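# Only the shape, not the letters, is given here:
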């Protein structure tokens, strides 16, 4: 188990999965912890009210409007808002949390549950999956789905963690990275891996269909995988096949998969990318509204910025990565194939492509420049500059794309079936700022909602924002005892100042913690107290409904 004692892992797994204590606090000792004097936004979307939150063990035992509960420990919430812990519907923080379980970039925004699995999931990883992940510059550990999450918790983590099983991971596990359909036998094994992951606690199946090898999947293949999760209460969640020119067709595919597989579905980071496609966003919202009225359980999540972030290679034609990242590098060094890649790449608006991440230290002085800057400096076309950078760095190259309309972001914020996701890492600034840049959403996504769009622009009320950060995603995922401040629920609580909560991260300086969150309680333990991270690492694995103990 890569240095972890199995006894320690077993103990941590039991602690993460065992039923909560149900005993009431004794009248003499009172509760273990009292969040006192705050204004409670309980996750229902209803009007806030003054109350104390009494906690015993890992659970809420009272929401006391009378103020008569005593406790052995108290968190002062006077003048502050008290809400359920926020759910991050898409985190890429698994690797960072393995290194440092504090996850302060999210914890300091009030996040108490990190969810992984956009196409790639922490497991199941075999040698073939590990080889490709390492070639891409990602971290790889050979372990099963449930084993990966258990190992993270065993090392100690501030927030709870959960994951979808990634269809990309499954495809690499059985098919590899070739541009072909799986054989009947391979598909059957992929379906079996879905069922196994669901029994180990997966929330459903996650896809990222603009990236190879996921882009090689057919709709029928995806229906089969989603259908395998259905008996376990799984959800299908997808970075759709198109977010620009083919946005509406991609949405139709998601609706088809939901309908044919008999599962709810969610759109990852809903958007319309590219200026020519901004006008399609209303049609996308209308399409989802129509499907919901027809009885399909469709939802979406978003980040609160008009810029996305991924690898520069996402703008290359998908066939160029058939066979894996190493095969892409070979093609980019062949003059004939290279010319074809350049002709079919989409490097429009290179002034809006900001370089933020390199594998090689020698390339990092380019961070903060745009692709247009590099193309001009080198006297080449943007497509050529992009290919050269990938070859030189031997990586996908982390970039930020300024491709979305701010007005569409506001429309998504106002949409009642949209929850929130950072689509970023979970960083802790321990000794120094990371060498690579990142998208500011990793540090500011949730604070930006509460500060800019609720307090300043008043697009939605604070109680509605809290509902969509908590109860809405918990209900969509079928999570038990989370997402609401109510007796019997797990004590995941955030205390923040509505007048001061704000994102401080920028595109120029993204590694800056948000402001305004005072306390964060996870499973009854204070992980953030008076704005300071504690020694507690109370995070657990949160498992889906198909989990077999």
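It's in. Worth saying up front: this structure is predicted, and the values here are computed from it rather than measured. Numbers count the residues shown, from 1 in each chain.

# Can you give me the domain boundaries for this protein?
6-84+515-533, 86-310+403-477, 317-395 (automatic domain parsing).

# For the residue nearest to the spatial centre of the chain, give me the pLDDT.
In the chain, the C-alpha closest to the average C-alpha coordinate belongs to residue 90, at a distance of 1.2 Å (Cα atoms, centre = their mean). On pLDDT, residue 90 comes in at 98.

# Contacts only, for the residue nearest to it when sequence neighbours are not counted.
Nearest non-adjacent residue to residue 90, counting by Cβ to Cβ, 6 or more residues apart in numbering: residue 421, 3.6 Å away. Placement of C-beta: from N, CA and C, glycine included. By Cβ atoms under 8 Å, 6 or more residues apart in numbering, residue 421 lies in contact with 88, 89, 90, 91, 115, 268, 269, 301, 302, 303, 445.

# hmm, 7 Å instead?
88, 89, 90, 269, 301, 302, 303 (Cβ atoms under 7 Å, 6 or more residues apart in numbering).

# Please identify the helix or strand for the fifth one.
Using DSSP states H and E, residue 301 maps to strand 298-302.

# which intervals of the stretch 1-150 of the chain have sub-threshold pLDDT?
1-29 (pLDDT under 70).

# in it, which spans are helices?
Under the criterion DSSP state H, counting those that start in this stretch, the stretch 1-150 of the chain contains helices at 6-17, 94-99, 104-107, 127-135, 145-155.

# out of those helices, deepest packed?
helix 104-107 (a mean of 28; mean count of other Cβ atoms under 10 Å).

# quick one: that helix to chain centroid distance?
13 Å (Cα atoms, centre = their mean, to the nearest Å).

# burial measure for the residue nearest to residue 125 when sequence neighbours are not counted, as a count.
Excluding its sequence neighbours, the residue lying closest to residue 125 (Cβ to Cβ, 6+ apart) is residue 142, at 5.3 Å. Neighbour count for residue 142, taken as other Cβ atoms under 10 Å: 14.

# circling back to that earlier point, what lies in contact with the next helix or strand after the strand holding residue 301?
Scanning forward in sequence from strand 298-302 by DSSP H and E, the next helix or strand is strand 308-311. By Cβ under 7 Å, 6+ apart, the list of residues contacting strand 308-311 from outside reads 271, 273, 356, 396, 397, 398, 399, 400, 401, 403, 404, 439.

# right, and out of those, which lies closest to residue 153?
residue 439 (26.5 Å; Cβ to Cβ).

# I'd guess that closest one is in a helix, am I close?
No: looking at residue 439 with DSSP: H, G, I helix; E, B strand; the rest coil, it is coil, so not inside a helix.

# is it true that it touches residue 510?
Yes: with contact defined as Cβ atoms under 7 Å, residue 439 reaches residue 510; the gap is 6.4 Å.

# For the two, work out which one has more neighbours and name it.
Between residue 439 and residue 510, counting by other Cβ under 10 Å, residue 439 is the more crowded of the two (28 against 25).

# And the pLDDT at the closest residue to that one other than its chain neighbours?
Spatial nearest neighbour of residue 439, chain neighbours left out: residue 309 (3.9 Å); criterion: Cβ to Cβ, 6+ apart. pLDDT recorded at residue 309 is 96.

# Quick check: the gap between residue 309 and residue 70.
48 Å (Cβ to Cβ, to the nearest Å).

# Those two: which has the busier surroundings?
residue 309 (24 against 14).

# what number of residues lie near residue 469?
Residue 469: 29 neighbours (other Cβ under 10 Å).

# which stretches of the stretch 101-250 of the chain form strands?
Under the criterion DSSP state E, counting those that start in this stretch, strands of the stretch 101-250 of the chain are mapped to 111-116, 160-163, 165-166, 204-208, 235-239.

# Spatially, what comes nearest to residue 426 if we skip its sequence neighbours?
residue 93 (2.6 Å).

# what separates that neighbour from residue 419, distance-wise?
17 Å.

# cool, residue 106 as well?
Taken as Cβ to Cβ, the span from residue 106 to residue 419 is 15 Å.

# And for residue 136?
Taking Cβ to Cβ, one finds residue 136 at 28 Å from residue 419.

# Those two: which is more packed in?
Ranked by neighbour count (other Cβ under 10 Å), residue 136 and residue 419 place residue 419 first, with 25 against 19.

# Contact partners for the more buried one?
Residue 419 touches 89, 299, 301, 468, 472, 473, counting by Cβ under 7 Å, 6+ apart.

# cutoff 6 Å now
89, 301, 468, 472, 473 (Cβ atoms under 6 Å, 6 or more residues apart in numbering).

# Which of these has the largest number of neighbours?
Within these, residue 89 tops the neighbour count with 29 neighbours, counted by other Cβ under 10 Å.

# can you give me phi and psi for it?
When read as degrees, to the nearest 10, the backbone of residue 89 gives phi -70, psi -20.

# quick one: it from residue 206, how far?
11 Å.

# Check residue 191 too.
15 Å.

# quick one on the thing from earlier: give me the residues contacting the strand holding residue 301.
Against strand 298-302 from outside (Cβ under 6 Å, 6+ apart): 89, 265-267, 269-270, 288, 291-292, 412, 417-421, 476.

# filter those to the buried ones?
89, 265-267, 269-270, 288, 291, 412, 417-421, 476 (16 or more other Cβ atoms under 10 Å).

# give me the low-pLDDT residue ranges for the chain?
In the chain (pLDDT under 70), the answer is 1-29.

# isn't residue 140 right up against residue 132?
No: using Cβ atoms under 6 Å, residue 140 makes no contact with residue 132, being 8.3 Å away.

# related to what we said a few turns ago, residue 279: which of the helices of the stretch 1-150 of the chain is closest?
helix 104-107 (33.6 Å).

# got a list of contacts for the closest one?
Counting by Cβ under 6 Å, 6+ apart, 158, 426, 427, 428, 442, 443, 520, 528 sit against helix 104-107.
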